[in-house]
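Q: sequence first, then the predicted structure, then my questions.
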Amino acid sequence: MDVAGNYSQRANYTFYAPWKPGIAPIFGDTDGDRIPDIVTPDAAGNLRTLSGNNDPARAITATAASAPRNGVNDTTTSWADYQITHRGTLNEAGALDQLIVHNTGDASLKKHLYLIDNDGTGRYDQYTKIPLTRQKSTGCAVVPSSGLACPADRPFAIDWSQVTQVIALGTPDGELTQNFPATPTEPAQTKIISQTSLLTVEGGRLWLHDASELKWNEVNSPALLIPTAPGTGSWDDYDLINPGPANGVTKTPGLTDAWQATLWARNRTTGDVFAYPITRTADGKSDFSALTKPNGGRLIDTGDGLTAAANPRIGAADFNGDGFADLWAINTSSAITVFSGGTATATPGKVDGFTGLSVMGDATTSASLRSNQVPWQCVDAAGGPRAGAEISVYTWGQTKQHEPQMRVGLLSRRAGGPNPEPSAI
Ligand SMILES: [Ca+2]
Ligand SMILES: [Ca+2]
């Protein structure tokens, strides 16, 4: 990031920096540089890891051929056929994110939900893919203020084939790290000790899959339905987003403060983004009431053209480390834009809207370069990313740059109130 707060994707070679014991891990980080990453397939089906100081030349972190396949004879399936999500781990020894991936097309592969372990250096093609066990029983999540009862009839497929979306939600109870003292064999270190839960959409409904309390790298049983209130729409019309804790700290008398995960969702048609905070009951249970109404979220972004058609890939993480989750989107030209999350009420960690946008670069192989001395100019492929494109210098605002407009200083419009002053963030 430059002095003006702009993100950029640098083309200089940065040598690889694995996670160091003693350095507090960051949720969303896959390679140990303490910056969250975007892990996404490129046009060739390789898996690429993109972050603020990423070197595009070495960004492939799993080859196309390493994607989960049915057998050695299948040479066509690649990471491009998978939905990919990450935030923390399904074990208690984590420092770097695991991936959870689900095939989007192949009928046989869709039956499996795979955990892809990080090799400790950010690569995802070194270890055996772990198929997560589908639960045999179901129940309901706690939704006390929704007025909804747990339906007796809870259709639940015998495998993962009905999953149309999956996110690593983060930890509903609150994300935690812990310092571990040195042992005779290991130095002192800080680890993530909270496990991520998974959230799936199946038949338009939300299912919560907590991490197993008995076995690492497994999901808990029963699977928990989050019932949908009648007349509030279908989750099929939204894309789930996992910002981690984005609603500030939860304070409950007699209980430890908690940074509970929040769900965001993008309306696929309008592009509006909504927040659905997970809260806590007086007796300490995670309360999912806000997730019972797809159309009842709190509007946190509108007017940015983030429709599914224009920006097929969307997600969130705190890229600049200011404690507020940021929103990222990749458009149909593979340009990555980041919107910085901020608060309108001076509440630490609670995201009410977004300011400006920054172009990180290109999600395939090219990169846009910007000087931190001349932040209003950049170098990029002329006419958009394509093989053999000439390189030109652009001033932000020219129509041929990937993202021609650049809004600065305003939180996005929010529901139910005026725009806050720019100084609010
Ligand atoms: Ca990283
Ligand atoms: Ca941020």
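A: Looks like it came in fine. Ligands and ions are numbered 1, 2, ... in the order given.

Q: after the helix or strand hosting Arg266 comes which helix or strand?
A: According to DSSP states H and E, Arg266 maps onto strand 262-267. As assigned by DSSP H and E, the chain's next helix or strand after strand 262-267 is strand 273-277.

Q: who touches that following strand?
A: With Cβ atoms under 8 Å, 6 or more residues apart in numbering as the test, strand 273-277 has contacts from 238, 241, 246-247, 260, 262-267, 290-291, 296-302, 306, 327, 351. C-beta coordinates here come from the backbone N, C-alpha and C atoms, glycine included.

Q: which other helices and strands does the very next helix or strand once past it contact?
A: Using DSSP H and E, the helix or strand that directly follows strand 273-277 along the chain is strand 279-280. Here strand 279-280 touches strand 286-287, going by 3 or more Cβ pairs under 8 Å, 6 or more residues apart in numbering; DSSP states H and E.

Q: what is the mean pLDDT for the strand it packs on?
A: Averaging pLDDT along strand 286-287 yields 98.

Q: contacting residues for the residue of the stretch 1-150 of the chain found nearest ligand 2?
A: In the stretch 1-150 of the chain, the residue that lies nearest ligand 2 is Pro36 (9.3 Å; Cβ to the ion). With contacts defined as Cβ under 8 Å, 6+ apart, Pro36 is in contact with Ile26, Phe27, Gly28, Asp29, Ser51, Ala317, Asp318, Phe319.

Q: could you do Ile314 as well?
A: By Cβ under 8 Å, 6+ apart, the contact list for Ile314 reads Asp239, Ile241, Arg266, Leu306, Leu327, Trp328, Ala329, Ile330.

Q: run through the bridge partners of it.
A: With DSSP bridges applied, Ile314 shows beta-bridge pairing to Ala329.

Q: circling back: just the buried ones from the contacts of strand 273-277, in PyMOL syntax?
A: Buried residues among those (16 or more other Cβ atoms under 10 Å), as a PyMOL selection:
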select buried, resi 238+241+246+247+260+262+263+264+265+266+267+290+291+297+298+299+300+301+302+306+327+351
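
Q: test my guess that Gln195 contacts Ala93.
A: No. The pair Gln195 / Ala93 is not scored as a contact, 10.3 Å apart, by Cβ atoms under 8 Å.

Q: more crowded one of those two?
A: The neighbour count for Gln195 versus Ala93, taken as other Cβ atoms under 10 Å, is higher for Gln195 (25 against 9).

Q: does the more buried one belong to a helix, a strand or coil?
A: coil (DSSP: H, G, I helix; E, B strand; the rest coil).

Q: and the nearest residue to it once chain neighbours are set aside, what does it touch?
A: In space, and not counting its chain neighbours, Gln195 is closest to Ala211: 3.5 Å by Cβ to Cβ, 6 or more residues apart in numbering. Ala211 is in contact with Leu90, Asn91, Gln195, Thr196, Ser197, Glu218, Val219, Asn220, counting by Cβ under 8 Å, 6+ apart.

Q: can you rerun that using 10 Å?
A: Each residue near Ala211 by Cβ atoms under 10 Å, 6 or more residues apart in numbering is listed here: 88-92, 171, 194-198, 217-220.

Q: okay, now the unreliable bits of the stretch 1-150 of the chain?
A: Along the stretch 1-150 of the chain, the parts satisfying pLDDT under 70 run over 1-23, 52-58, 70-73.

Q: at the contact with ligand 1, which residues of it appear?
A: Residues of the stretch 1-150 of the chain lying close to ligand 1 by Cβ under 5 Å from the ion are Asp29, Asp31, Asp33, Ile35, Asp37, Ser51.
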